[in-house]
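*Asks:* structure of the sequence below:
(one chain, ligands or ions: 1)
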Amino acid sequence: ATKMALRAGLRSKRGLTGVAVMRMQSPPVNSLNLELLTDICIALEKLEMDKSCRGLIITSNQPKVFSAGLDILEMYGKSPEHCGEFWKAVQEMWLKFYGSNLVTIAAINGSSPAGGCLMAMTCDYRIMADNPRYSIGLNETQLGIVAPFWFKDTLMNTVGHRTTEMALELGLLYSPAEALKIGMVDQLVPEDQVLTTATEAMTKWLAIPDHARQITKSMIRKPTIDKLMSNREDDVKNFVKFISKDSIQKSLGVYLEMLKKRKA
Ligand SMILES: CCCCCCCCCCC/C=C/C(=O)SCCNC(=O)CCNC(=O)[C@H](O)C(C)(C)COP(=O)(O)OP(=O)(O)OC[C@H]1O[C@@H](n2cnc3c(N)ncnc32)[C@H](O)[C@@H]1OP(=O)(O)O
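*Replies:* Okay, the predicted model is just below:
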């Protein structure tokens, strides 16, 4: 049986029509594997074609975690062919979200490292739970891996050049308060208010005529999207070559062990 990895539906409560809520529910930590990425892309594609849908809130059904980022098990000990397929799915998710015509809001109700942070940053607006135990950021270098140029571009477009240098080179994970300070997230609220606040924020964004907002969004994001679009195949090749290196595989193995030991 196929596992439902997310729920998407159009809500009509409190006068808020045309807004879908996508809840990632891939236990234990919503790590982005091929199945979840594919489900997310298909759901977004359907919403994008649905004329009654104008906005999307993405959140998590897992406690304490928005998304643990890319599933390391999809990149560790796998064939080059598998790694290539996986990377295409990551690219697809980014392209669909970053270029979405919908108003997209991330309701970040838990930690959101690496690919989880990337996903949140593709949205138009980010609301995070004000819990100092949670963290968000692009921590790739801490795993001994390198975030590709389009991860870097997304971060730079969000927080600026100097902050990106520090954040990316040091692989920094920020507390919600720090993330707000550097502009990685836009608003902090108590944990139980993340979704309602996202709904309120959505009302403000939906007050703008769609065509004007969409053209403006595209004008700002298109150069970044085009850069990946014109380099997709090379980017896959680079990823496969990089991730297949013995030294990188070793780093990933050590990191996975560390995650397990930390738990014990
Ligand atoms: C020259 C340039 C070329 C460039 C080419 C490209 C190069 C490659 C670029 C790749 C980009 C990668 C992006 C990523 O997203 S990598 C993933 C990074 N993610 C992390 O570092 C997060 C790790 N996880 C955590 O910190 C915690 O799990 C978290 C805070 C999210 C939750 O903590 P919690 O205590 O609630 O949960 P546990 O740690 O106990 O985890 C539960 C189980 O889940 C496993 N787990 C966690 N995260 C992942 C993951 N990302 N992938 C796979 N598995 C994960 C964890 O091991 C536990 O498993 P067990 O129950 O079996 O022990």
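*Asks:* so which bits of the stretch 51-200 of the chain are right by the ligand?
*Replies:* Contact residues, the stretch 51-200 of the chain versus the ligand (Cβ under 6 Å from any ligand atom): 64-65, 68-73, 111, 113-115, 139-140, 143, 145-148. The way it works is simple: take the backbone N, C-alpha and C, and place the C-beta from them, glycine included.
*Asks:* next step: these restricted to strands.
*Replies:* P113 (DSSP state E).
*Asks:* in helices only, show me the residues of the stretch 51-200 of the chain next to the ligand.
*Replies:* Counting by DSSP state H, the part of these found in helices is G115.
*Asks:* quick check on the residues of the stretch 51-200 of the chain next to the ligand: which are buried?
*Replies:* If you count burial by 16 or more other Cβ atoms under 10 Å, the buried members of those come out as 65, 68-72, 111, 113-115, 139-140, 143, 145, 147-148.
*Asks:* just name the closest of those to A177, please.
*Replies:* For these, the residue nearest A177 by Cβ to Cβ is S111; the value is 14.3 Å.
*Asks:* ok, which stretches of the chain are helices?
*Replies:* If you assign secondary structure with DSSP H, the helices in the chain sit at 34-49, 80-98, 115-121, 149-159, 161-170, 176-182, 194-206, 210-229, 232-243, 246-263.
*Asks:* so which of those is the most packed in?
*Replies:* Mean neighbours per residue, mean count of other Cβ atoms under 10 Å, is largest over the helices of the chain for helix 115-121, with a mean of 27.
*Asks:* ok so, going back, and which of the buried ones among the residues of the stretch 51-200 of the chain next to the ligand is nearest to D235?
*Replies:* If you rank those by distance to D235 using Cβ to Cβ, P148 comes first, at 6.3 Å.
*Asks:* gap between the spatially closest residue to that closest one that is not a sequence neighbour and F151?
*Replies:* Excluding the flanking residues, the one nearest P148 by Cβ to Cβ, 6 or more residues apart in numbering is D235, at 6.3 Å. Distance of D235 to F151, computed by Cβ to Cβ, to the nearest Å: 11 Å.
*Asks:* quick one: low-confidence residue ranges for this structure.
*Replies:* With pLDDT under 70 as the threshold, the chain has low-confidence stretches at 1-15, 264.
*Asks:* and if we set it to 50?
*Replies:* Across the chain, residues meeting the criterion (pLDDT under 50) sit at 1-6, 12-15.
*Asks:* list the contacts for the residue most central in space within it?
*Replies:* The geometric centre of the chain, computed from its C-alpha atoms, lies nearest to M119 (Cα atoms, centre = their mean), at 1.1 Å. With contacts defined as Cβ atoms under 8 Å, 6 or more residues apart in numbering, M119 is in contact with L32, I58, S67, M93, F97, A106, S112.
*Asks:* now do the contacts for the closest residue to the fourth one other than its chain neighbours.
*Replies:* Of all residues beyond its chain neighbours, the one nearest M93 is L37 (5.0 Å), with distances taken as Cβ to Cβ, 6+ apart. Applying Cβ under 8 Å, 6+ apart, one finds that L37 lies in contact with A89, V90, E92, M93.
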